[in-house]
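Chemist: Quick one, fold the following:
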Amino acid sequence: MVFDLKGEYITLQQLLKACDVIESGGQIKAFLMNEEILVNGQRETRRGRKLYRDDVVSFYDTRILIR
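Modeler: As a prediction, the model looks like this:
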């Protein structure tokens, strides 16, 4: 999946909401604690992690490329 970035960056929480992975910001903490989320191949647990163009977010069988 490719996500077209409109600004300079997007937070991990905003990205997951925009891609319909989570429905609300309240779900993000549990999602990050229970699932292995990788950003550029490294485990990420911060919901406010800033994502920039060419970053890759992976979880389950899903891969999101930021463009």
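Chemist: And Glu13, what's its pLDDT?
Modeler: Careful, residue 13 is Gln and not Glu. Here the pLDDT value assigned to Gln13 is 94.
Chemist: Pull the contacting residues for the residue nearest the centre of the chain.
Modeler: Against the mean C-alpha coordinate of the chain, by CA atoms, centre = their mean, the closest residue is Leu12 at 3.8 Å. When contacts are counted by CB atoms under 8 Å, 6 or more residues apart in numbering, Leu12 touches Ile28, Leu32, Ile37, Val39, Glu44, Arg46, Arg47, Gly48, Arg49, Leu51, Val57. C-beta: built from backbone N, CA, C; applies to glycine.
Chemist: Just to check, the fourth one is in contact with Asp55?
Modeler: Yes: shown here, Val39 and Asp55 form a contact pair, counting by CB atoms under 8 Å, at 6.2 Å.
Chemist: in the least confident helix or strand in the chain by mean pLDDT, what counts as buried?
Modeler: Ranking every helix and strand in the chain by mean pLDDT, DSSP states H and E puts helix 28-34 at the bottom, with a mean of 88. Neighbour-count burial for helix 28-34, counted by 16 or more other CB atoms under 10 Å, picks out Ile28, Phe31, Leu32.
Chemist: Closest one to Asp61 out of these, please.
Modeler: Of all the buried residues of helix 28-34, the one with the least separation from Asp61 (CB to CB) is Phe31, at 15.8 Å.
Chemist: can you map out the helices along this structure?
Modeler: When assigned using DSSP state H, the helices of the chain occupy the ranges 12-18, 28-34.
Chemist: of the ones you listed, which approaches Ile66 most closely?
Modeler: Ranked by CB to CB, the member of the helices of the chain that lies closest to Ile66 is helix 12-18, at 7.5 Å.
Chemist: tell me how far that closest one is from the chain's mean position?
Modeler: 6 Å (CA atoms, centre = their mean, to the nearest Å).
Chemist: export that helix as PDB, just CAs?
Modeler: C-alpha atoms of helix 12-18 as PDB (Å, rounded to 0.1, in the frame of the first residue of the first chain):
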ATOM      1  CA  LEU A  12       2.200   6.900  13.200                       C
ATOM      2  CA  GLN A  13      -1.200   7.400  14.900                       C
ATOM      3  CA  GLN A  14      -2.400   9.600  12.100                       C
ATOM      4  CA  LEU A  15      -1.200   7.200   9.500                       C
ATOM      5  CA  LEU A  16      -3.000   4.200  11.000                       C
ATOM      6  CA  LYS A  17      -6.200   6.200  11.300                       C
ATOM      7  CA  ALA A  18      -5.900   7.500   7.700                       C
END
